[in-house]
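Asks: Fold the following and give me the result.
(2 chains)
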Amino acid sequence: MNKIISKEYFSDRVAKFVVEAPLIAKARKAGHFVMVRVGEKGERIPLTIADADVERGTITLVVQRMGVSSTKLCELEAGDYITDLVGPLGQATHIENFGTVVCACGGVGTAPMLPIVTAMKKAGNKVITVLAARTKDLIILEEQIREHSDEVIVMTDDGSYGTKGLVTHGVEAVINREKVDMCVTIGPAIMMKFVSQLTKKYEVPTVASLNTIMVDGTGMCGACRVTVGGKTKFVCVDGPEFDAHQVDFDEMLMRLGGYKEQEQEEMERKILHKS
Amino acid sequence: MKRRDEQWRVDLRAAIKAKDRTSRQRVQMPELDGEYRSKVRNEEVNLGLTPELAMQEAQRCIDCANPSCMQGCPVNIQIPDFIKKIEVGEFLEAAKILKETSALPAVCGRVCPQERQCEAQCIHVKMNKEPVAIGYLERFAADYERESGQISVPEVAPPNGIKIAVVGSGPAGLSFAGDMVKLGYDVQVFEALHEIGGVLKYGIPEFRLPNKIVDVEIDNLRAMGVKFMTNCIIGKTLTIKQLEEEGYQGIFVASGAGLPRFMNIKGENLVGIMSSNEYLTRVNLMDAANPEADTPVYKGKKVAVIGGGNTAMDSVRTARRLGAEKAMIVYRRSEEEMPARREEVHHAKSEGIDFLTLHNPIEYIGNDKGRVTHMVLQVMELGEPDASGRRSPVPVLGKTVTIEVDEVIVSVGVSPNPLISQSTPELEVSKWGTLVVDQETMQSTSMPIIFAGGDIVRGGATVILAMGDGRRAAAAMDEWIKSKS
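Replies: Numbers count the residues shown, from 1 in each chain, chains lettered A, B, ... in the order given. Alright, predicted model coming up:
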């Protein structure tokens, strides 16, 4: 049981939680994730750690209300307890001084990107962050990202904030302007697929942080498997970050949709029907 | 005095002639009807012996002077001692004897392959008769005690204040913890998942081993003083080094199975194809078939399970219970070579499971949504014996069949859990990823503070072998710690 210390809304669908987890706070590095379960009949879902405070013994999680499990989590308030929380899991992000790094993130992908931006900057890189979302309200953590980036480019689909366009437009503008040594991308699978296609064209090495379906998250079930460079890899123990140019995103997208029907049925029965 | 020489035992032996004992028929385990049970998810198949049946079966044991059955038991259960207590109707005493050496008698009585261990060594077998049903009797005594409400807590030595860590709460870890706490150690078990029990909870289905039975055995260990911490992954949340710094004098690693093996064939990542670990974890640990649970599971109508081990049998029988009209085992060798227990194969067949032996999948075909719709099977035949001594399967050239499926469960083994070895580089690991230990003491060859057992050492074995490892490691660690001070 882990106590929620504070909760803050970024938008009506996205909430930030600061959760008591002293051992995880101490052990985690940029790129690590945790498995979370809410309620005795709850599902185990992976969430990337957005931040940690070793002294206060807390970690920060950013959650977007999507299906039953994320909704149940978003319904918890400060003072409530998360039934189960385990981690930190996965391989930490490979941080070194590459030179110029472009961090391309979309939606709630900005949350797990924050520790990477921070670590990349600390390692001496010039960090350019491209923050993208559908609309202005969905741009999150802009202030914190600005604090650790040399430059921030905001992109919105509808042009309500920053430049109108997709994340790829922002990344391409940077590549056309200066030499980019490394790109890191976190966001919806479809977004990462297009970022990867773009940087491949320009031969910019790119790492993508994948968020697949997991059951245990500790290297036991194999639900998270993806094809990377023609080989089956497990996101929970081999990842979550992989060479984006080697990832079979189409297969990943197909597998992500595997439980869509059950999820919709559950959502209607357990969440929508209730209210 | 040996228990066998006590007067009541001598009299009991004399009460019925050995020849009379050996000529009696072995009892039949009462079980649920096959058709009925293929439709109920959580009812145990084997119903257990009645007190009358148990006492009747106990009379078959001739109480040998040198009981060979015990040589077949990895945890050294005092077999004739407990059986004779059953014969005289002292069932609670029988249960106490079981608990002297086994932390999980109700579990062993259900899932041990007795036909290859104790019962295989029974004197009756040497006389061409059916062995004494030791497993049924073990289960009976453990169940009787539990249901009586008079559960005895084994005696524990006075605390010695020495801290011991156990990594993993499966059969190896629990058996080790039980022995160490009896010796007076301060035992802390760390479990990665949110439930205690490891494979007993996430792997073995309710119809073969109900969770409530596992929980009672765990509560018994708690009552003896074993401490448990869930949601803590050694190698991630805490490292081995941190455990040493916190003053743990010995660490038993029993972190179990890791990544499932796949066959690396075309289409294997299609939606609807998963490992038996995933399928069973969803259904058993996460209770996914219960509408109240949030974890989803496919309830395929035409389900193929690839493999011939106990896990494959558990998976295919689960699929049948979740509503599969056609549930089949696909195995590349013949039934003769199947590693699954005979009882499990027999149970599967009476539940209407099809057996496609001498077939091996070579490709899966999916629809436009990426869901599996067909599997292509290569027809096999048996060739010369291979390294395992079993006749090796060879493809019959050009002969394949394509079968309609909507769910495939791959059950072709697992590799050891990589989390400890990844985070502890100084630990010696074999090329298969298993921890290298002394075969007798289970002590790591590279880090003396570490002992290990179960699947992390064996790469894939049975509950009872894991428990045997736990017992041997406990005895050896106790000796090692004493020799240091």
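Asks: which sections of chain A are below the confidence cut-off?
Replies: A:274-275 (pLDDT under 70).
Asks: Nearest to the middle of it, which residue? Look it up for me.
Replies: A:G109 (3.7 Å; Cα atoms, centre = their mean).
Asks: part of a helix, is that one?
Replies: Yes: counting by DSSP: H, G, I helix; E, B strand; the rest coil, A:G109 is found in a helix.
Asks: quick one, what contacts the nearest residue in space to it that is not next to it in sequence?
Replies: Of all residues beyond its chain neighbours, the one nearest A:G109 is A:G187 (3.4 Å), with distances taken as Cβ to Cβ, 6 or more residues apart in numbering or on different chains. All C-beta atoms are positioned from the backbone trio N, CA, C, and that covers glycine. By Cβ atoms under 8 Å, 6 or more residues apart in numbering or on different chains, A:G187 lies in contact with A:A104, A:C105, A:G106, A:G107, A:G109, A:A132, A:V167, A:V195.
Asks: One more: A:E265?
Replies: Per Cβ under 8 Å, 6+ apart, neighbours of A:E265: none.
Asks: and if you look at B:I151?
Replies: Counting by Cβ under 8 Å, 6+ apart, B:I151 has contacts B:E145, B:V216, B:N220.
Asks: hmm, back to that, can you name the two of the contacts of A:G187 that are farthest apart?
Replies: A:G107 and A:V195 (13.2 Å; Cβ to Cβ).
Asks: The two: which is more packed in?
Replies: Neighbour count, other Cβ atoms under 10 Å in any protein chain shown: between A:G107 and A:V195, A:V195 has more, with 31 against 22.
Asks: residues from the stretch 151-275 of chain A in reach of chain B?
Replies: A:215-216, A:218-223, A:225-227, A:232, A:234, A:237, A:251, A:254-255, A:257-259, A:262-263, A:266, A:269-270 (Cβ under 8 Å from any Cβ of the partner chain).
Asks: Which among these count as buried?
Replies: Buried members of these, scored by 16 or more other Cβ atoms under 10 Å in any protein chain shown, are A:215-216, A:218-223, A:225-227, A:232, A:234, A:237, A:251, A:254-255, A:257-259, A:262-263, A:266, A:270.
Asks: For the nearest residue to A:G31 once chain neighbours are set aside, grab the count of nearby residues.
Replies: In space, and not counting its chain neighbours, A:G31 is closest to A:T93: 3.4 Å by Cβ to Cβ, 6+ apart. Residues near A:T93, counting by other Cβ under 10 Å, number 20.
Asks: go on, B:L183?
Replies: Neighbour tally, B:L183, other Cβ under 10 Å: 18.
Asks: my read: it touches B:A474, true?
Replies: Yes: counting by Cβ atoms under 8 Å, B:L183 touches B:A474, with 7.4 Å between them.
Asks: Break the chain down into its structural domains.
Replies: Let's take chain A. Domain ranges of chain A: A:2-89, A:100-256, per automatic domain parsing.
Asks: Can you look at chain B instead?
Replies: Following automatic domain parsing, one finds the domains of chain B at B:2-148, B:163-258+B:415-484, B:262-410.
Asks: of all those, which gets the most neighbours per residue?
Replies: Stretch with highest mean neighbour count among those: domain B:163-258+B:415-484 (a mean of 21; mean count of other Cβ atoms under 10 Å in any protein chain shown).
Asks: end to end, how far does that domain reach?
Replies: 15 Å (Cα to Cα, to the nearest Å).
Asks: Over to stretch A:216-231?
Replies: Stretch A:216-231 stretches 22 Å from its first residue to its last (Cα to Cα).
Asks: From the chain's centroid, how far away is it?
Replies: 17 Å (Cα atoms, centre = their mean, to the nearest Å).
Asks: swap in stretch B:452-461?
Replies: Chain-centre distance of stretch B:452-461: 12 Å, with Cα atoms, centre = their mean.
Asks: what's the answer for stretch A:58-67, then?
Replies: Its chain's C-alpha centre lies 10 Å from the corresponding centre of stretch A:58-67 when counted by Cα atoms, centre = their mean.
Asks: measure the residue nearest to A:G109 to A:Q144 for me?
Replies: 17 Å (Cβ to Cβ, to the nearest Å).
Asks: now swap in B:G135 and tell me
Replies: On the measure of Cβ to Cβ, B:G135 and A:Q144 end up 61 Å apart.
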